[in-house]
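> quick one, structure for this:
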Amino acid sequence: MNATLDHVMMRVEDLEASLDWYQNHLDYEEKGRWEADTFTNVYLGPADVHEEGAVLELTYNHDDRTYDLGDAWGHIAVRVDDVYDAYEQLMDEGVEDYRDPDSCGGSYAFVTDPDGHEVEIVERDYGATWSLDHTMMRVEDADESLGWFIRKLEYEHTGRWESDTFANYFMKPEGAADEAMAVELTYNYDGRTYELGDGWGHLAIRSEDLHDDWETLMEREAEDYRDPASCDDRYAFTTDPDGHEFEVLSRD
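Model prediction:
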């Protein structure tokens with residue numbers, strides 16, 4: 001299976017405020033929308049998203065609920081040519097000064113969206129400006145999580161960073177384009193546990209044949225969380241060892 005990342009879903013409390021933030025500050029455009037009786041999904045991304053690139057899904061529930069971000073999900077990261085120029089631009093536009101480049105060693109920075117989701121700004125020499133570079137998730141057992149991605153999704157390491165207190169592992173499908181979004185797994189050495197919260201939703205992977213890929217996942221002993229039949233045979237869901245949800249999404 002290919003398992004290219006299609007989108008990352010986040011829940012928002014004020015859809016118009018979130019759309020305004022991503023469209024005005026990151027120059028995102030609306031790629032699609034689904035209006036249901038009880039919720040709205042909006043898909044956003046730069047105008048020139050790569051064919052293997054991922055987009056952002058904002059989910060707005062119509063019942064005015066609030067959300068807890070938890071700490072099992074970390075951030076999304078977006079690409080820029082120069083982190084200092086990009087951060088200064090966002091500050092000039094009135095974005096909150098969260099973690100500037102100097103506080104991050106000069107190679108990256110962080111801002112937050114209206115709901116508190118962290119957005120990392122990273123320098124890359126590929127991909128559209130502000131395109132999604134990776135989504136970071138925290139894991140409690142690095143060996144187990146790495147094995148899950150390698151065996152279940154056929155991912156491979158594309159980079160790692162080992163420090164005194166934590167390790168970061170970057171994962172993508174074998175042969176994925178540079179412009180494809182990666183998963184960053186963060187493992188802290190202190191044995192801490194994490195809460196998923198509900199402000200983050202899921203990562204979605206593309207499938208050329210939903211039922212064949214679901215059968216493959218079941219053969220590889222992935223969690224049977226929501227099978228295709230329970231989702232109108234349009235998509236399905238499994239979970240990783242830490243409970244992060246993964247949507248398997250049929251794409252033409």
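
> got phi/psi on the residue lying farthest from the centre of the chain?
Within the chain, the residue lying farthest from the chain centre (C-alpha atoms, centre = their mean) is residue 92, at 26.4 Å. Main-chain dihedrals, residue 92, degrees, to the nearest 10: phi -60, psi -30.

> so what's it scoring on pLDDT?
With respect to pLDDT, residue 92 scores 98.

> what about the helices in the chain?
With DSSP state H as the criterion, the chain has helices at 15-25, 83-92, 142-153, 210-219.

> got a markdown table for these, with distance to residue 39 too?
(Each C-beta comes from the backbone N, C-alpha and C, glycine too.) As requested, the helices of the chain are exported to a markdown table (distance: least, C-beta to C-beta, whole Å):
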| stretch | distance to residue 39 |
| --- | --- |
| helix 15-25 | 10 |
| helix 83-92 | 29 |
| helix 142-153 | 27 |
| helix 210-219 | 22 |
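
> out of the ones you listed, which gets nearest to residue 66?
Of all the helices of the chain, helix 15-25 sits nearest to residue 66, with 13.8 Å by C-beta to C-beta.

> may I see the buried residues of that closest one?
15, 18, 19, 21, 22, 25 (16 or more other C-beta atoms under 10 Å).

> show me what contacts the residue nearest to the second one when sequence neighbours are not counted?
Closest residue in space to residue 18, ignoring its immediate chain neighbours: residue 12 at 4.2 Å, by C-beta to C-beta, 6 or more residues apart in numbering. By C-beta atoms under 8 Å, 6 or more residues apart in numbering, the contact list for residue 12 reads 18, 58, 59, 60, 113, 114, 115.

> apply 10 Å and report the result again.
Listed by C-beta atoms under 10 Å, 6 or more residues apart in numbering, the contact partners of residue 12 are 18-19, 21-22, 40, 42, 58-61, 67, 113-115, 117, 199.

> what subset of the residues you listed is buried?
Among the contacts of residue 12, those classed as buried by 16+ other C-beta under 10 Å are 18-19, 21-22, 42, 58-60, 67, 113-115, 117, 199.

> which of those fall within strands?
42, 58, 59, 60 (DSSP state E).

> what's the closest of the residues you listed to residue 79?
Ranked by distance to residue 79 (C-beta to C-beta), those are led by residue 58 at 19.5 Å.

> which residues sit in contact with that closest one?
With C-beta under 10 Å, 6+ apart, residue 58 has these contacts: 9-12, 15, 18-19, 22, 28, 30, 33, 40-44, 113, 115, 117, 201.

> show me what the helix or strand of the chain with the lowest mean pLDDT pairs with in its sheet, parallel or antiparallel.
Least confident helix or strand of the chain, by mean pLDDT, DSSP states H and E, is strand 155-162 with a mean of 94. According to DSSP bridges, strand 155-162 forms sheet pairs with strand 166-173 (antiparallel).

> show me which residues of the strand it pairs with are buried.
Neighbour count says strand 166-173 has 168, 169, 170, 171, 172, 173 buried, by 16+ other C-beta under 10 Å.

> out of those, flag the one nearest to residue 122.
Distance to residue 122, by C-beta to C-beta, is smallest for residue 170 among those, at 11.4 Å.
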